[in-house]
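K.L.:
with the sequence up front, the predicted model follows.
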Amino acid sequence: METSSFFFDLPEDLIAQTPADRRDHTRLMVCSFHADDEAESLEHVLTGDFAELVPANAVVVINDSRVRKSRIIARREYAGKSRTCEVLFLSSDGNGTVWDVILGRAGRNPGNGVYHLPGGRTGTISGRHDQTFHMTLDRELEEPWFQEHGHVPLPPYIRRDDSLEDEERYQTVYAKEIGSAAAPTAGLHFTTDILERMRTRGVQIAPVTLHVGIGTFAPIRTANIETHHMHEERYHISEESARIINQALRDRRPVVAIGTTSVRTLESAVDDAGFVRPGSAATSLYIYPGYDFRVVGEMFTNFHTPGSSLVVMVSAFAGIQRIRRLYRTAIEQRYRFFSYGDAMYLRRRD
């Protein structure tokens, strides 16, 4: 299937550059449908209404990964020249001295250059894998260092510097386990009030953790979607969350995934019997049309970038033609797109 089939024209002024005044005052397109039927019903509400829309017997799965201030401004010295460049730190080898990083344009083709980082740290490039580099540091990088010297890793389509507001708004209210290089953005719409209203109605909330990295946000660069390779991302599912989710599956109650990262976590952890395994692992699961969803019955998600693996995933879930129609409607209705934009709630009624 050609990757070009998943591109669409998006007016630049619909790319959200700042968060909404309130998390729960973003717009929500609600689409209910049967997978084997082209018809669907649409509602246009606010994300704050989700607490009353989700089925009372549902399990809502959230990704509680916390965004690291992982964008670092460095100075690269090479061949007697010095240039300022950006380094995005993704994940470490476990001891904090070797990191997978993405280099800004000024830092690429690094040769034997030395990267001078804030706080007197230095790093050199020791290898490369596809779109990422391996950087070896002279000392371990710990979380306090990122907190002091790092910037919020806003995506490149947000054309401004990060601010103090972003430190709060580019983080979910339930963020807990630090390790993401980008926010699980569907969760940015949720407030503690929404979570409490869901619980009051009987909805169970099951946290999982997937640390967002290049696997989620790397663009598809191949001509056909089937030949795209997903980078690995680490995830964890607790015994308690697995128990809650598996009981819902036994009872044939809906499992509602908040965001594509929750979808990938659940579908990566399912066993041959159709239940979710607890524990920690890495996933490179790539979901594209033809995939058989075994756990996720409903999905709450943002509007994604053209030609991305995320558009491909939601097309696998709701159907290619339906997603095209929904995105056309979103553009006509002037929904806001991407990380700080609006959302959709896809309800399969199979």
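P.N.:
It's in. A quick note: this is a predicted structure, and the numbers were derived from the prediction, not measured. Numbering: from 1, shown residues only.

K.L.:
hey, let's count contacts and neighbours off CA atoms from now on
P.N.:
Fine.

K.L.:
the closest residue to Leu137 other than its chain neighbours: helix or strand, and which one exactly?
P.N.:
In space, and not counting its chain neighbours, Leu137 is closest to Gly123: 4.3 Å by CA to CA, 6 or more residues apart in numbering. Gly123 is part of strand 121-129, with elements assigned from DSSP states H and E.

K.L.:
if you average pLDDT over the helix or strand just after that strand, what comes out?
P.N.:
With elements assigned by DSSP H and E, the helix or strand that comes after strand 121-129 is strand 132-137. In this model, strand 132-137 has a mean pLDDT of 93.

K.L.:
domain ranges for this structure, per the record?
P.N.:
Using automatic domain parsing, the domain parsing of the chain gives 3-67+167-348, 71-149.

K.L.:
do I have it right that Ala79 meets Val114?
P.N.:
No. Using CA atoms under 8 Å as the test, Ala79 is too far from Val114 to be in contact (10.0 Å).

K.L.:
all strands for the stretch 1-150 of the chain, in order.
P.N.:
For the stretch 1-150 of the chain, the strands defined by DSSP state E, counting those that start in this stretch occupy 27-33, 40-46, 59-63, 65-67, 71-78, 81-92, 98-103, 114-117, 121-129, 132-137.

K.L.:
closest to Thr227 out of these?
P.N.:
strand 121-129 (17.1 Å; CA to CA).

K.L.:
next, count neighbours for Asp161.
P.N.:
As a burial measure, Asp161 scores 10 neighbours (other CA atoms under 10 Å).

K.L.:
show the backbone phi and psi for it.
P.N.:
With angles defined as degrees, to the nearest 10, Asp161 sits at phi -80, psi 150.

K.L.:
before we move on, what about Ala183?
P.N.:
According to degrees, to the nearest 10, Ala183 has phi -80, psi 150.

K.L.:
show me the contacts for Ala39.
P.N.:
Ala39 is in contact with Phe33, counting by CA atoms under 8 Å, 6 or more residues apart in numbering.

K.L.:
any low-confidence regions in the chain?
P.N.:
Scanning the chain for pLDDT under 70 picks out 106-112.

K.L.:
relative to strand 98-103, how tilted is the strand holding Gly123?
P.N.:
Following axes from the mean of the first three to the mean of the last three CA atoms, to 10 degrees, one obtains 80 degrees for the angle between strand 121-129 and strand 98-103.

K.L.:
list the buried residues of strand 121-129.
P.N.:
Thr122, Gly123, Thr124, Ile125 (16 or more other CA atoms under 10 Å).

K.L.:
beta-bridge partners for the third one, please?
P.N.:
With DSSP bridges as the criterion, Thr124 is bridged to Val114, Thr136.

K.L.:
give the other helices and strands that the strand holding Gly123 contacts.
P.N.:
Packing contacts for strand 121-129, counted by 3 or more CA pairs under 8 Å, 6 or more residues apart in numbering; DSSP states H and E, involve strand 114-117, strand 132-137.

K.L.:
so which of the strands of the stretch 1-150 of the chain gets nearest Tyr340?
P.N.:
strand 27-33 (11.2 Å).

K.L.:
name the strands paired with the closest one and say parallel or antiparallel.
P.N.:
Here, using DSSP bridges, strand 27-33 pairs with strand 40-46 (antiparallel), strand 343-348 (parallel).

K.L.:
which residues touch that strand?
P.N.:
Contacts of strand 27-33 (CA under 8 Å, 6+ apart): 39-47, 330, 335, 342-349.

K.L.:
report the buried members of the residues you listed.
P.N.:
Leu46, Thr47, Ala330, Tyr335, Asp342, Ala343, Met344, Tyr345, Leu346, Arg347, Arg348.

K.L.:
can I get those in JSON lines with distance to Glu143?
P.N.:
Shown next, in JSON lines, are the buried ones among the contacts of strand 27-33 (distance: CA to CA, whole Å):
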{"residue": "Leu46", "distance to Glu143": "36"}
{"residue": "Thr47", "distance to Glu143": "32"}
{"residue": "Ala330", "distance to Glu143": "39"}
{"residue": "Tyr335", "distance to Glu143": "36"}
{"residue": "Asp342", "distance to Glu143": "31"}
{"residue": "Ala343", "distance to Glu143": "31"}
{"residue": "Met344", "distance to Glu143": "34"}
{"residue": "Tyr345", "distance to Glu143": "35"}
{"residue": "Leu346", "distance to Glu143": "37"}
{"residue": "Arg347", "distance to Glu143": "39"}
{"residue": "Arg348", "distance to Glu143": "41"}
